[in-house]
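[1] Structure, please.
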Amino acid sequence: MFRRSFQMLLILIAALAWSGDIQAQLLINPAAEGGFQNGATFASNGWTVANAGGGPNLWYVGTVPTGFTGNAAYISNDLGITHAYTNNSTSVVHFYRDVTFPGGVPQFTLSFNWKADGESGPFDAIIVSLAPTTYTPTGSTTSLGTGVLPAPANKLGAITAPQLNNQTTVQTATYTLKSADLGNCSGPVTLRLIFTWKNDGSLGDQPPAAIDNISLVGVPLTTNKPADRCTDGTNIVYTANPGVGAGETGVFSIIQNTPGFTNNGNGTANWTVGNSIPGNYVVSYTLTNAANCAYTVR
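    The predicted model follows:
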C-alpha cells in the first residue's frame, strides 16, 4: 500500500508539473525570408537594403553565388550579374530588418550560411550587428579600416560585432544571444539586425560576401521529462535548457522538500526516489541571468 500510494502520487504530480512546455519560437525563417525565398528583392523578403552612396559594390538577391540553394544575398559590382567586387574602390553597404525579441525567453540562436574571401585585417569582410531601431545604417565610401560600425551598432549581443572573411566555400556561423544583453527580461524589445559588407580601397580576393539561410530562434526555458522510476527505484535526473552560462545561476527546487532531492547548482538535479516519503511533489527550475532577471518553468 505504501509503495502503491507513493507511485500514484508521483506519477500524478509529475504529469501536472511538466505539462505545457513552451515551444521554440522562430523569429526569422531560413526557408522563407531568411533564405530570400519570398522573391528576388530584399523588400519582398522583408529586409531593407542600404546601397545608396556605397560605391560600386552593392547588395543584390539572386541565384548567382555558387554553393547555395535558391536565392542568396550577395555583393556584385555589375548590377548583380556576377558575384564579384571592385577591390580598389571603397564600399560600405548593408541590409537589415527589425526583430522583436519576445519577453520571457532567456536565449536566442542566430545562424546563417556565408562565404567571403576579401582581405585579412579584416579590411574586406562581412559584419553582423544588432542596434536600436533608432540607428539607421547608410551606404558609404568611407573605409571602416579593420573596425566595425560605430556605437550603438558595434555589438552582437555581448560580443563585438563579428567580422567574417577568408572563406571561399560556404560556412555556417552561429551566435548565442542572451536576454541580459538584449533587454527582453520583463517584456519584448525590438532591435535592428544588420548585415554589412565593407571593403577598403586596396587589395582583396574574390569572392565578396554572400549570405543565405538566416535563422533566428528563441530558446525558451525547458526541462526534460524524466520517466517515472518508482517501480524500479532508479534515481531521476533532471536537466534544463538552455544551460547555465557566464554570470547565470540555475536552481532546481521541489515542493514538498525531501532529503532524496539534490539540486546540483549547474542546471541539473538528482532525485533519489528511495529516500523520499509519499506526498505531493512539484519540481521547478529557475534560471537567473546576468541582469538578475529570473525565468521559471515547472
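[2] which ones are touching the closest residue in space to Ser76 that isn't next to it in sequence?
    Using CB to CB, 6 or more residues apart in numbering and skipping residues adjacent in sequence, the residue nearest Ser76 is Tyr60, 5.1 Å away. Every residue, glycine included, has its C-beta placed from N, CA and C. Listed by CB atoms under 8 Å, 6 or more residues apart in numbering, the contact set of Tyr60 reads 73-76, 79-80.
[3] Helix or strand: which one has the residue nearest to the spatial centre of the chain?
    Central residue of the chain (CA atoms, centre = their mean): Thr109, 1.8 Å from the mean position. Per DSSP states H and E: Thr109 is located in strand 107-116.
[4] So in that sheet, which strands flank that strand, and in what orientation?
    Strand 107-116 has its sheet partners listed here by DSSP bridges as strand 167-178 (antiparallel), strand 210-219 (antiparallel).
[5] and that strand, how far from the chain's centre?
    How far strand 107-116 lies from its chain's middle: 8 Å, per CA atoms, centre = their mean, to the nearest Å.
[6] quick one: contacts for the residue lying closest to Pro152 once chain neighbours are set aside?
    For Pro152, ignoring the flanking residues on the chain, the nearest one in space by CB to CB, 6+ apart is Ala131 at 5.2 Å. Taking CB under 8 Å, 6+ apart as the criterion, Ala131 is in contact with 137, 149, 152-153, 191-192, 194.
[7] Now intersect the residues you listed with the helices, please.
    Per DSSP state H, helices hold no members of the contacts of Ala131.
[8] from the residues you listed, which is closest to Ser120?
    Leu149 (19.6 Å; CB to CB).
[9] and that closest one, what does it touch?
    127, 129, 131, 137, 161, 194, 196.
[10] which of those has the most neighbours?
    Ile127 (27 neighbours; other CB atoms under 10 Å).
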